[in-house]
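Q: what shape does this take:
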Amino acid sequence: MCDYSLHDVASRPAKVGDKLVSSHFPNAITRGFADPADPHVAVCLMPGTEVAFEKEVECEASFRFLPTRKSTHKVARFRQVNLNRPAAHHDALEFPDGKIVLVTDLCEGQSATVLQLPSAGRPVDGPGKSKAAQSESLIA
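A: Numbering: from 1, shown residues only. The predicted model follows:
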């Protein structure tokens, strides 16, 4: 999903293996991810998507005169926060140590790769059900 402030920006869903770059989009008040080959299109992540950064993740400081903040972790899981606040930024990254960073706070130009998308799940009695799963459901 893309943050509310990117709704006026062309977008597409992320795919496994996508190369992304943290970007500021024209006519938007936030940052997000873009494909370096198509920098004006936001790449939207679903909650649970895992990304790996090329280098330490760098974030803007709370006050512009302070140095940027860095995370020693290079892997993060996308999630949404502040969902009860419609006018707040929702897109965030959660790192292995539990720290959460808003995507809009990422410094521009950082490269990442989509490692894994969240499981879409499959209906229990859907057409793709395996013979083993059919047997197990009959036993239960």
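
Q: right, and Pro47 touches Arg79 too?
A: Yes - counting by C-beta atoms under 8 Å, Pro47 does reach Arg79; the two are 5.1 Å apart. Where C-beta positions appear, they are placed from N, C-alpha and C, glycine not excepted.

Q: burial measure for Ser71, as a count.
A: Neighbourhood size, Ser71 [other C-beta atoms under 10 Å]: 18.

Q: what of His40?
A: If we define neighbours as other C-beta under 10 Å, then His40 has 11 of them.

Q: what does stretch 6-21 contact?
A: Stretch 6-21 is contacted from outside by 2, 25, 27-28, 30, 32-36, 39-46, 49, 51, 109-117, using C-beta atoms under 8 Å, 6 or more residues apart in numbering.

Q: if we ignore the residues flanking it in sequence, what's nearest Lys70?
A: Distances taken as C-beta to C-beta, 6 or more residues apart in numbering place Glu56 nearest to Lys70, at 4.8 Å, with adjacent residues excluded.

Q: repeat for Thr49
A: Phe78 (4.4 Å).

Q: ok, Leu45 next?
A: Phe78 (4.2 Å).

Q: and the strands in the chain?
A: 11-13, 19-24, 31-35, 38-44, 50-53, 57-59, 69-71, 75-80, 91-94, 100-102, 111-116 (DSSP state E).

Q: including mean pLDDT, could these go into a markdown table?
A: Formatted as a markdown table, these follow (pLDDT from 0 to 100):
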| stretch | mean pLDDT |
| --- | --- |
| strand 11-13 | 92 |
| strand 19-24 | 95 |
| strand 31-35 | 93 |
| strand 38-44 | 92 |
| strand 50-53 | 96 |
| strand 57-59 | 89 |
| strand 69-71 | 78 |
| strand 75-80 | 94 |
| strand 91-94 | 93 |
| strand 100-102 | 91 |
| strand 111-116 | 96 |
